[in-house]
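Q: I need the structure of the sequence given here:
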Amino acid sequence: MTIDILNEERSNLRADARRNRDRILQIAIQHFASHGIGASLEDIARAAGVGAGTLYRHFPSREALLAAALQDQQAQLLARSKQACAIANADAALQAWLEALQDYLRTFNGLPAPVLAAVKERASPLALSCETLVSITSDFLARAQNEGHARTSVTANELFLSALGIAWVLDRIDAYGTTRQALEDVFAHGYLDLSPKPPKQ
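A: Numbers count the residues shown, from 1 in each chain. Next comes the predicted model:
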């Protein structure tokens with residue numbers, strides 16, 4: 001994912017620049033958590049005790065700052081993917097991964113929007129992590145398909161986009177009068193009733 005790249009960039013900085021970067025990042029995480037991904041970058045710079053120019057030298061765009069702010073969550077997501085891999089049942093493993101993925105996509109309110117943009121904008125700082133997430137999804141999906149738990153016509157990209165859509169709704173779940181379990185049941189099983197029906201008289 002982007003973790004190794006971000007760590008390398010940080011290690012190449014002078015001590016004072018590294019402190020500024022770390023302070024900006026710490027404040028950004030707090031502001032993204034409180035105000036969503038649309039949090040004011042000027043407010044973040046002010047709270048970090050630096051000018052806007054310093055913020056943009058370290059993080060040239062909102063997406064770059066967001067990618068760095070997600071670093072710890074990405075590490076936790078990778079750990080959960082390893083836990084899901086250890087699940088013997090392929091269907092349960094895929095469901096565990098999709099649940100972890102949805103939780104990650106809800107790290108900050110509004111996160112699904114820039115992630116969706118990064119899916120098609122390869123220049124986005126979030127693009128590399130998106131490619132990795134789709135690749136991991138592909139591994140879980142292929143295993144479920146091989147064991148007959150998932151339709152072979154489903155693609156990893158489609159599954160990832162579906163998880164992205166559900167993550168967006170889950171951020172607003174109370175306003176829509178539904179539950180996470182209800183949405184995930186439709187996600188996993190569809191809406192068609194395929195159980196045998198008695199013949200009509």
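Q: tell me which residues in the one helix or strand Ala79 maps to are buried?
A: Following DSSP states H and E, one finds Ala79 within helix 71-85. Using 16 or more other CB atoms under 10 Å as the test for burial, helix 71-85 gives 71, 73-74, 77-78, 80-81, 84. C-betas here are computed from N, CA, C, even on glycine.
Q: same question for that helix, mean pLDDT?
A: Helix 71-85 shows a mean pLDDT of 95.
Q: Can I get it in PDB? Just the C-alpha atoms.
A: Taking Å, rounded to 0.1, in the frame of the first residue of the first chain, the C-alpha atoms of helix 71-85 are listed here in PDB:
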ATOM      1  CA  GLN A  71      -1.500   5.100   7.300                       C
ATOM      2  CA  ASP A  72      -2.300   3.600  10.700                       C
ATOM      3  CA  GLN A  73      -5.800   2.500   9.500                       C
ATOM      4  CA  GLN A  74      -4.200   0.800   6.500                       C
ATOM      5  CA  ALA A  75      -1.900  -1.200   8.800                       C
ATOM      6  CA  GLN A  76      -4.900  -2.300  10.800                       C
ATOM      7  CA  LEU A  77      -6.700  -3.300   7.700                       C
ATOM      8  CA  LEU A  78      -3.800  -5.400   6.500                       C
ATOM      9  CA  ALA A  79      -3.800  -7.100   9.800                       C
ATOM     10  CA  ARG A  80      -7.500  -7.900   9.500                       C
ATOM     11  CA  SER A  81      -7.000  -9.200   6.000                       C
ATOM     12  CA  LYS A  82      -4.500 -11.700   7.400                       C
ATOM     13  CA  GLN A  83      -6.900 -12.700  10.100                       C
ATOM     14  CA  ALA A  84      -9.600 -13.300   7.500                       C
ATOM     15  CA  CYS A  85      -7.200 -15.400   5.400                       C
END
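Q: Can you give me the domain assignment for this protein?
A: Recorded structural domains for the chain (assignment: automatic domain parsing) are 3-69, 71-189.
Q: Any idea which of those has the lowest pLDDT on average?
A: Lowest mean pLDDT within these: domain 3-69, a mean of 88.
Q: sorry, back to before: what distance separates the helix holding Ala79 from the centre of its chain?
A: 11 Å (CA atoms, centre = their mean, to the nearest Å).
Q: helices and strands around it, which ones?
A: The contact analysis (3 or more CB pairs under 8 Å, 6 or more residues apart in numbering; DSSP states H and E) places helix 71-85 against helix 3-11, helix 90-105, helix 127-146.
Q: Including distance to Leu192, could the buried residues of helix 71-85 go into CSV?
A: Output for these, formatted as CSV (distance: CB to CB, whole Å):
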residue, distance to Leu192
Gln71, 41
Gln73, 35
Gln74, 36
Leu77, 31
Leu78, 35
Arg80, 30
Ser81, 30
Ala84, 27
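Q: which of those residues lies closest to Ser138?
A: Distances from Ser138 to those, taken as CB to CB, are shortest for Ser81 (12.0 Å).
Q: What sits closest to that closest one if chain neighbours are left out?
A: Ile136 (5.5 Å; CB to CB, 6 or more residues apart in numbering).
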